[in-house]
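K.L.:
Below: sequence and its predicted model.
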There are 2 protein chains.
Amino acid sequence: MSIMTTPWVPQTPHQQAVLEVLLSIRALNDAMDRMNGGMKDDMDMNATDLAALRMMIVREQRGDSVSPHEVAKHLRISTASTTKLLDRLESAGYIERHPHPRDRRARILTLTAHSRATFFRHFSEHLEQMRRVTEPYTEDELKLIGRYLTDVSQAIDAS
Amino acid sequence: MSIMTTPWVPQTPHQQAVLEVLLSIRALNDAMDRMNGGMKDDMDMNATDLAALRMMIVREQRGDSVSPHEVAKHLRISTASTTKLLDRLESAGYIERHPHPRDRRARILTLTAHSRATFFRHFSEHLEQMRRVTEPYTEDELKLIGRYLTDVSQAIDAS
DNA sequence: CTATATCGCTAGTTTAGCTAGCGATATCTC
DNA sequence: GAGATATCGCTAGCTAAACTAGCGATATAG
């Protein structure tokens, strides 16, 4: 039962370092959550709507177009909820719905200039700070860190 | 939070490495989100309730007791919403409300054995996988990684 | 050509947050 | 000590944003 209440007690300095890294991952996730919370407050938006906006910005930068269906899938909400979400974003002037050129059932979603500007205005400071603390590390160190973070992401997804 | 959202084209290998680390942070965050999503589905629980449970488990492991007020503060929801949250957790058998020994207005929240067991049953596999990919790194490498992750968390919180 | 699948939407329901404010208790000020 | 004020958790009622069910239009498979 002690394995339940205390899953792992470090015995060596190495194990201690492992534990600290795992704790720092959780701390990072908490910080990211706080950042998201702050942004949604600043932009007067709920978390899901902000996530949708973010997803559309990423897709746009990859040169992909976005459909309501894809938004639903990405956010893991129903297409009905997505319709309402898009209604909110559209009436707030963040997105536009256009007809799909070949499929007359479908829509193509686009971001407005206002949307991009607002998003980056709120996000760029965070990004700048993150870059500021990242840049001092050497290229080798960054490769190590990047490799580790990728390892962990894959480990999480695999389990 | 998306990192890949800024018009920034790396010019040098070092800048490329910086960008890749920032991208890997986003990927990690996405993976953590998926993990949380999966756990809340498995445990038939909403995200906030799960976060409350997690917070209580962390506090318990530090030997601290938890009050409804502290849950509210941690989750940034009202005490009224917290009452309902605790109602849900209590009726599902995850927590118990006990009188505070000295303050008769206050309550002390405790986890049930069932709660700990359920949480760790769903979480331990993820933790195990994370530990598996973390352990091969040397102590020095882990310290470097831990320091960087802490730096980033602080940078996010500071901006 | 007919049958089935898909797309986005509407209608109505449920969940989980919110504000306002209450009773009990604790603490501060005189 | 007594009275004023603050704090704790709660209830009541409201709202936002998810859900399910299902529809009309259109596309695609047999």
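P.N.:
Looks like it came in fine. Residues are numbered from 1 along each chain as shown, chains lettered A, B, ... in the order given.
K.L.:
Could you use CA atoms for every contact and neighbour count after this?
P.N.:
Noted.
K.L.:
for chain A, what's the longest helix?
P.N.:
helix A:13-42 (DSSP state H).
K.L.:
Can you report phi and psi for A:Arg104?
P.N.:
As for A:Arg104, its main-chain torsions (degrees, to the nearest 10) stand at phi -80, psi -10.
K.L.:
picking that back up, report the distance from the helix or strand that comes right after the longest helix of chain A to the chain centre.
P.N.:
On the C-terminal side of helix A:13-42, the closest following helix or strand by DSSP states H and E is helix A:47-61. When distances are taken as C-alpha atoms, centre = their mean, to the nearest Å, helix A:47-61 is centred 8 Å away from the chain's centroid.
K.L.:
Check whether helix A:47-61 comes near chain B.
P.N.:
Yes. Counting by C-alpha under 8 Å from any C-alpha of the partner chain, contacts between helix A:47-61 and chain B involve A:51, A:54-55, A:57-58, A:61.
K.L.:
low-scoring stretches of chain A, by residue?
P.N.:
By pLDDT under 70, the weakly predicted segments of chain A are A:1-8.
K.L.:
Tell me the buried residues in the longest helix of chain A?
P.N.:
By 16 or more other C-alpha atoms under 10 Å in any protein chain shown, the buried positions in helix A:13-42 come out as A:14-22, A:24-29, A:31-32, A:35-37, A:39-40.
K.L.:
same deal with stretch A:70-86?
P.N.:
Buried, per 16+ other C-alpha under 10 Å, within stretch A:70-86: A:70-72, A:82, A:85-86.
K.L.:
out of those, who's near DNA strand D?
P.N.:
Filtering those for proximity to DNA strand D by C-alpha under 7 Å from any atom of the strand leaves A:82, A:85.
K.L.:
Turn the buried residues of stretch A:70-86 into CSV, including distance to A:Arg132 and secondary structure.
P.N.:
Shown next, in CSV, are the buried residues of stretch A:70-86 (distance: C-alpha to C-alpha, whole Å; DSSP: H, G, I helix; E, B strand; the rest coil):
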residue, distance to A:Arg132, secondary structure
A:Glu70, 34, helix
A:Val71, 32, helix
A:Ala72, 35, helix
A:Thr82, 36, helix
A:Leu85, 35, helix
A:Leu86, 35, helix
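K.L.:
out of the buried residues of stretch A:70-86, what pair is the most spread apart?
P.N.:
Greatest spacing in the buried residues of stretch A:70-86, by C-alpha to C-alpha: A:Glu70 and A:Leu85 (12.9 Å).
K.L.:
A:Ile108: helix or strand, and which one exactly?
P.N.:
Using DSSP H and E, the element containing A:Ile108 is strand A:107-111.
K.L.:
counting contacts, what elements does the helix or strand just after that strand pack onto?
P.N.:
Using DSSP H and E, the helix or strand that follows strand A:107-111 in sequence is helix A:113-134. Where contact means 3 or more C-alpha pairs under 8 Å, 6 or more residues apart in numbering or on different chains; DSSP states H and E, helix A:113-134 is packed against helix A:13-42, helix B:13-42, helix B:139-158.
K.L.:
among the ones you listed, which is nearest DNA strand C?
P.N.:
Among those, the nearest to DNA strand C by C-alpha to the nearest atom of the strand is helix B:13-42 (9.8 Å).
K.L.:
Thanks a lot, catch you later.
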